[in-house]
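# using only what follows, build the 3D model:
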Amino acid sequence: MPRLVLWDIDHTLIDTRGIGKEMSAAAFKEVTGQPMREQAKIDGITEAVIFRETAKLHGLTTDRADFERFAAALTAQHVHRASELRERGHALPGAATALDALARAGVRQTVVTGNVRGAAEIKLSVFGLDSHIQWDAGAYGEDADLRPGLVEIALARSATAAPDAVLVGDTPADVEGGLGTNVRVIAVATGRTTAEDLRAAGAHVVLPDLTDTDAFVKHVLAGP
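Next up is the predicted model:
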């Protein structure tokens, strides 16, 4: 039986319904002094890459120190706007039940996310989805640029072998993160990527959403 589930967050467990981009824009302006006129591609991409590529769209060259200031500003935005995030966003159907069911089955759970850790913790806590998450075992947007690197970090931090883990996400980048590290992938078509495209990307299992808890848990526990 798999010992660890690696959860993506945005469009897998929650939907921020636009407020996430607003907070990113505010943090971007605070750090660079420029309004964010446009944003780089975000689906499945880490915050470090999004910040760097968004800066390039504005004619800016940034370094790690700039990103660390951005990460701090973005986390502060989530702290200050947590109540608004709760009002405007929502947990996706079946997410809370799926987390609870895996916990009852004795499966450890953490996150592999492009979000910086501070923002990730707030996002799940405001929707009551954080109680089963082992945060120190996860990997975050400040840890690596690409998903396979994040998965490798999470496996190391959790002392888990790849065959004993399952990754759950909604984008081809999530699928790539699993395939690139020999971790089985359950994809959910709850984001901007269709079920057909997730299958084409190589996901081992594709579900429409998390609402069928029994089916989801069965797929998690099925093993390789």
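
# so what's the closest residue to Ala91 other than its chain neighbours up against?
Leaving out its chain neighbours, the residue that sits closest to Ala91 by Cβ to Cβ, 6 or more residues apart in numbering is Phe127, at 4.2 Å. No exception for glycine: its C-beta is placed from N, CA and C like everyone else's. Taking Cβ atoms under 8 Å, 6 or more residues apart in numbering, we find Phe127 in contact with 13-14, 86, 89-91, 95-96.

# quick one: pLDDT of Phe127?
On pLDDT, Phe127 comes in at 97.

# please report phi then psi for it.
Dihedral pair for Phe127: phi -110, psi 10, per degrees, to the nearest 10.

# do Ala203 as well
The phi/psi pair for Ala203 (degrees, to the nearest 10) reads phi -60, psi 140.

# repeat that for Gly18.
phi 100, psi -20.

# got any ranges where this protein has weak pLDDT?
Scanning the chain for pLDDT under 70 picks out 1, 223-224.

# how is it divided into domains?
4-16+90-221, 19-86 (automatic domain parsing).

# please tell me how far the residue nearest to Ala91 sits from Ala101.
Phe127 is 17 Å from Ala101, where distance means Cβ to Cβ, to the nearest Å.

# then Asp209?
In this view, Asp209 and Ala101 are 15 Å apart by Cβ to Cβ.

# and Leu155, by the same measure?
Going from Leu155 to Ala101 by Cβ to Cβ gives 23 Å.

# between the two, tell me which one has more neighbours.
Leu155 (22 against 18; other Cβ atoms under 10 Å).

# packing partners of the longest helix that the chain contains?
Using DSSP state H, we find that the single longest helix of the chain is helix 64-80. Contact analysis of helix 64-80 by 3 or more Cβ pairs under 8 Å, 6 or more residues apart in numbering; DSSP states H and E lists helix 19-32, helix 47-57, helix 117-126 as its packing neighbours.

# what sits up against the last one?
Outside of helix 117-126, the residues that reach it under the criterion Cβ under 8 Å, 6+ apart are 9-10, 13-14, 16, 47, 71-72, 74-75, 78-79, 82-83, 85-86, 89, 111, 113, 115, 130, 133, 135, 138, 140-142.

# list buried residues within those residues.
9-10, 13-14, 16, 47, 71, 74-75, 78, 85-86, 89, 111, 113, 115, 130, 133, 138, 140-142 (16 or more other Cβ atoms under 10 Å).

# out of these, which are inside strands?
Mapping these onto strands (DSSP state E) picks out 14, 111.

# the protein: helices as residue ranges?
So, for the chain - with DSSP H - the helices run 19-32, 47-57, 64-80, 82-88, 95-104, 117-126, 147-158, 172-179, 195-201, 213-221.

# any idea of the angle the longest one forms with helix 47-57?
Taking axes from the mean of the first three to the mean of the last three Cα atoms, to 10 degrees, helix 64-80 and helix 47-57 form an angle of 110 degrees between their directions.

# again, but for the fifth one
Taking the same axes, to 10 degrees, one finds helix 95-104 and helix 47-57 inclined to each other by 150 degrees.

# export helix 95-104 to CSV, keeping only CA atoms.
Extracted in CSV, the C-alpha atoms of helix 95-104 (Å, rounded to 0.1, in the frame of the first residue of the first chain):
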residue,chain,number,x,y,z
ALA,A,95,-11.4,17.4,-1.4
ALA,A,96,-12.0,17.4,2.4
THR,A,97,-13.6,14.0,2.3
ALA,A,98,-10.7,12.6,0.3
LEU,A,99,-8.1,13.9,2.7
ASP,A,100,-10.0,12.5,5.7
ALA,A,101,-10.5,9.1,4.0
LEU,A,102,-6.8,8.7,3.3
ALA,A,103,-5.9,9.7,6.8
ARG,A,104,-8.3,7.0,8.1
